[in-house]
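# Task: produce atomic coordinates for the following.
(one chain, ligands or ions: 2)
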Amino acid sequence: MKPAYHHQDVEKTAQAYWETNKTFKVADHVEGKQNYYCLSMFPYPSGRLHMGHVRNYTIGDVMSRYMTMKGFNVLQPMGWDAFGMPAENAAIDNKVSPYQWTQKNMTYMKNQLKLLGFGFDWDREIATCEPDYYRWEQWFFTKLYEKGIIYRKNGIVNWDPIDQTVLANEQVIDGKGWRSGAEVERREIPMYYFRITDYADELLEDLDTLTDWPLQVKIMQKNWIGKSQGMEIGFPYEDGTVRVFTTRPDTLMGASYVAVAPEHAIAQKAAANNPELQAFIEECKKGGTNEADIATQEKKGMATGAFVTHPITGDQLPVWVANYVIITYGEGAVMAVPAHDERDFEFATKYGLPIKPVIANDAEDQSYTTWQEAYAEHGSLINSGEFNGLGFEEATQAIAKFLEAKDLGFIKTQYRLRDWGISRQRYWGCPIPIIHCECCGDVPVPEKDLPVVLPNDLIPDGSGNPLHKNEAFLNVDCPKCGKAARRETDTMDTFMDSSWYYARFASHDCNTAMLDERAEQWLPVDQYIGGIEHAILHLLYSRFFHKLMRDEGLLGDPAKAPKEPFKALLTQGMVISPSFYRHASTGYTWYNLDDVTPVVKDGETTYILNADGQPVIYGGVQKMSKSKNNGVDPEFIINEYGADTARLFMMFSAPPEQSLEWSVSGVEGAQRFLKRLWTFGFEFKDSLSEKVEYDPADKASKDIRRVVHEELKKALFDYDRYQYNTVISACMKMLNALGELGDTEAAKYVRNEGFSIMLRLLYPIIPHVTHEIWSNVFEGKIETAEIPTVDESVLVRDEINYVIQVNGKLRGEFVIAASASKEEIEAMALTNEAAQRHLEGLNIMKVIVVPKKLVNIVAK
Ligand code: ANZ
Ligand code: ZN
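Numbering: from 1, shown residues only. Ligands and ions are numbered 1, 2, ... in the order given. As a prediction, the model looks like this:
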């Protein structure tokens, strides 16, 4: 009797087999096999997997299983990015510790990952909130602190004056604290910074070595690093010099004032006896630290009353405080050239400051009353005295020479990239291993005292970091002088935790060092897979960490270690789905697809809510998200249709890098294919295991065999370029072709061979059902089967189709043996009935044979 396809049973059996046989446990070295490291970005343990995870990890799993079948020793690990803010928020809401909440989520999500059949080596599981892991992060911190790569300085944070706490950028909504609603202030506090700017050039240059990364990601990294060639120019005044950074030194003669950031020393000094200026500076500090907001806000400023001297003309230029100048970029001051800089133009127009054009402008109207006309590309200099007529390059050189002689300027490269501030004024993170001593200052925790363990049982209440009130954590003796001292309560940016986990997977259980020689064996990661949302920060910080670890000697000889952590990168597209909403008093209310029914009337589709029968508005197809309530719960899909269906649907509906639109009919279609596959396997179960001889004389079977190998050839090509959707269509064609086989010996042979090829091609994508079918009809286990190879001899056709043209027009066709001679082909064409009809009454002038394609008969 043929069993029916019950996905629950099939998936349970396969998963149990993998578990018992430790199928995905990987040794660090296997004789005769090359290592291959396939890594998917580890998730934040938010509670449940979403479809984005399912897609990401399915792609990784398909790659890993495919590479295993190709004979590689494949590492595919998984872990948890387990520190972070959501756990603190959940703790506040549910009165459980972030640790408990996170643990519960990890357990739940691990089970979900298992239900999806992903072949992770769970023995290497990492959770960043465990001391075994973060201990080494702390150790590395102390090393880098001693080297000076980590240093302490004041940084600016968002301060919520009501909750008395520091807010992350995403907790500032329209300039107000997300919980308190209080107007957020900018505050300066001491923080720890990584000197990532020391590596800016290397991070930029090595992008060129990443030939298997999406161009788009490399461009984003490049822009983020933002290398600008320019000049630092000094504007002297009685107490010193205001330094500015400019990318347009050629416009120096057009500088009509100097604008400084509110935090700039000259502004602070001027404000000391100017209450109005003081108030303005305070005003500027409101509204958070987000740079995009700073750039787009209305330009505001106030004169300081101070003047500086123009380094060439000697003119006195007023110094203004301006809200568009950022203290953390360049020198925190700009030479304002209103004729040629949009922001300066807006500001000068508003406050009546002079606008002096110094670059020749093509525009007809030279009045400079609006920005568009003032704008100039590089051009030749005007109104610039001795520099008139020079172009950008010459002017830059000449001005540099002039200023260098007076020690008031030099050519400089500036990066947009800032040093990376890693202090977070939060509880649920890796403690910064520093002890503050009144006598000795900041003392790094000695290696023997690591890890600094974060107490697991605190429950934050929204009023700041609970470590502040935790005496047991706070009080410690100074490692240097032994006097009573205090622990740092800030924790590390969670981007630090995720910057080196890829390396730790290799040395996951090493308790004597951060990494050991196994990291050398596995790195770089051969294939990294994750969302485009990590294109900038996560990838940049990981690349940076990699270089730091290399320079620390943690990856073997630094001269020989790989320069980059991730050889190839794939950024998977979004999972999108229709959205529906209604206007509500507080904005929008979003409704799930499941709660909505389409109504088609006069060819137009509208939607009603099932609950009340009233209309809802179609919001278009959007990225699945909680906020739009348009998500589909993977667990529901697994229960209802099975993991294989979910995996097949995801891989079939779009190539990995494109967005994938959720569709119930698509999911159902995927399941139907699985059932056909299943039915076919069990229908021919007995004949598939029969040993039979192939007979090439059986033409019908031979043709089908050729189709199988043709499709196999395409599928293998597509596997290597990650086009899994077309791999699947090739398999569908194979199954159709195999269905047409007869009952001869040769047919049985071809069915046997073809079905085995097809199952192996599908195994990486739908491992459960192929496991079960294989176990029933073939010998051994599919897990140890090799990827099928194309038999080129099967592809050789022994008959060829020709078309016949008479005077260039298509008139007929015929089939002839591939071995036929030119004469035989001509004869066949000329005797063809259809051709003869068109040749009646004509004289044949010439017969042209294009091999394997056509015969053209020229006649008059
Ligand atoms: C004069 C000038 C004339 C400028 C002109 C531009 C156009 P990038 O290319 O991004 O490096 N700038 C310098 N420091 C700043 C700060 N702390 N806050 C805000 N703006 C600052 O930008 C460099 C340009 O940004 C510099 O060149 C400076 O304005 C401004 F026709 O100087 B420029
Ligand atoms: Zn001390």
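
# Helices of the stretch 201-350 of the chain, start to end?
With DSSP state H, counting those that start in this stretch applied, the stretch 201-350 of the chain shows helices at 215-225, 265-271, 275-285, 291-296, 342-351, listed in chain order.

# for those helices, which one sits closest to ligand 2?
Across the helices of the stretch 201-350 of the chain, ligand 2 has its closest neighbour in helix 265-271 (31.9 Å, Cβ to the ion). Using the backbone N, CA and C atoms, a C-beta is placed for each residue, glycine as well.

# Go through that closest one and flag the buried ones.
Residues of helix 265-271 classed as buried by neighbour count (16 or more other Cβ atoms under 10 Å): Ile266, Ala267, Gln268, Ala270, Ala271.

# List the single closest residue to the fourth one in space, sequence neighbours excluded.
Think Ala270. The shortest distance from Ala270 to any non-neighbouring residue, by Cβ to Cβ, 6 or more residues apart in numbering, is to Thr304 (3.8 Å).

# ok, now which ones touch that neighbour?
Thr304 sits next to Val260, Ile266, Ala267, Ala270, Ala271, Asn274, Leu277, Pro318, Val319, Trp320, Val321 when contact means Cβ atoms under 8 Å, 6 or more residues apart in numbering.

# For it, give its distance to ligand 1.
Distance of Thr304 to ligand 1, given as Cβ to the nearest ligand atom, to the nearest Å: 16 Å.

# So that residue versus Val334, what's the distance?
14 Å (Cβ to Cβ, to the nearest Å).

# Going by distance to ligand 1, which of the buried residues of helix 265-271 wins?
Sorting the buried residues of helix 265-271 by how near they are to ligand 1, with Cβ to the nearest ligand atom, puts Ala267 at the top with 12.7 Å.

# What ranges in this structure fall below the confidence cut-off?
In the predicted model, the chain carries pLDDT under 70 at residues 1, 287-295, 362-376.

# By residue count, tell me the biggest helix in it.
The helix of greatest length in the chain, counted in residues with DSSP state H as the criterion, is given as helix 699-720.

# If you count contacts, what does the helix or strand following it end up packed against?
Scanning forward in sequence from helix 699-720 by DSSP states H and E, the next helix or strand is helix 724-739. Using 3 or more Cβ pairs under 8 Å, 6 or more residues apart in numbering; DSSP states H and E, the elements in contact with helix 724-739 are helix 643-653, helix 664-683, helix 699-720, helix 745-762.

# buried stuff in stretch 563-583?
Of the residues in stretch 563-583, those with enough neighbours to count as buried (16+ other Cβ under 10 Å) are 564-581.

# what does stretch 66-81 give?
Buried residues in stretch 66-81, defined by neighbour count with 16+ other Cβ under 10 Å: 66-69, 72-81.

# and it, how far apart are its ends?
One end of stretch 66-81 to the other measures 27 Å (Cα to Cα, to the nearest Å).

# swap in stretch 561-575?
Counting by Cα to Cα, you get 37 Å between the two ends of stretch 561-575.

# among the buried residues of stretch 563-583, which are in strands?
If you go by DSSP state E, those have 566-572, 575-581 in strands.

# just curious, which of those is nearest to Glu792?
Nearest to Glu792 among these is Ala568, at 28.7 Å by Cβ to Cβ.

# distance of that closest one from Pro562?
As defined by Cβ to Cβ, Ala568 lies at a distance of 13 Å from Pro562.

# what does Val769 give?
To Pro562, Val769 is 38 Å away according to Cβ to Cβ.

# ranges for the strands of the stretch 1-150 of the chain?
For the stretch 1-150 of the chain, the strands defined by DSSP state E, counting those that start in this stretch occupy 35-40, 73-75, 79-80, 126-127, 150-160.

# Which neighbouring elements make contact with the helix or strand following the longest one?
Using DSSP H and E, the helix or strand that directly follows strand 150-160 along the chain is strand 165-167. Taking 3+ Cβ pairs under 8 Å, 6+ apart as contact, the helices and strands that strand 165-167 lies on are strand 150-160.

# With the flanking residues excluded, which residue is spatially nearest to the most centrally placed residue in the chain?
Using Cα atoms, centre = their mean, the residue of the chain that lies closest to the mean C-alpha position is Ile532, 3.0 Å off. Of all residues not flanking Ile532 in the chain, Thr571 sits nearest, at 4.4 Å (Cβ to Cβ, 6+ apart).

# Please name the residues that touch that neighbour.
Per Cβ under 8 Å, 6+ apart, neighbours of Thr571: Pro214, Gln216, Val217, Ile529, Gly530, Gly531, Ile532, Ala535, Glu657.

# If we use 7 Å, what do you get?
Taking Cβ atoms under 7 Å, 6 or more residues apart in numbering as the definition of contact, the neighbours of Thr571 are Pro214, Val217, Gly530, Gly531, Ile532, Ala535, Glu657.

# beta partners for it?
Taking DSSP bridges as the rule, Thr571 bridges to Gly530.

# so how far is Ser40 from it?
Relative to Ser40, Thr571 is positioned 12 Å away (criterion: Cβ to Cβ).

# cool, and Glu668?
According to Cβ to Cβ, Glu668 and Ser40 sit 27 Å apart.

# can you check Asn361 too?
Applying Cβ to Cβ to Asn361 and Ser40 gives a distance of 53 Å.

# Any idea how many residues pack against the nearest residue to Met106 once chain neighbours are set aside?
In this structure, Met106 finds its nearest non-sequential neighbour in Pro45, 4.7 Å apart by Cβ to Cβ, 6+ apart. By other Cβ atoms under 10 Å, 26 other residues sit near Pro45.
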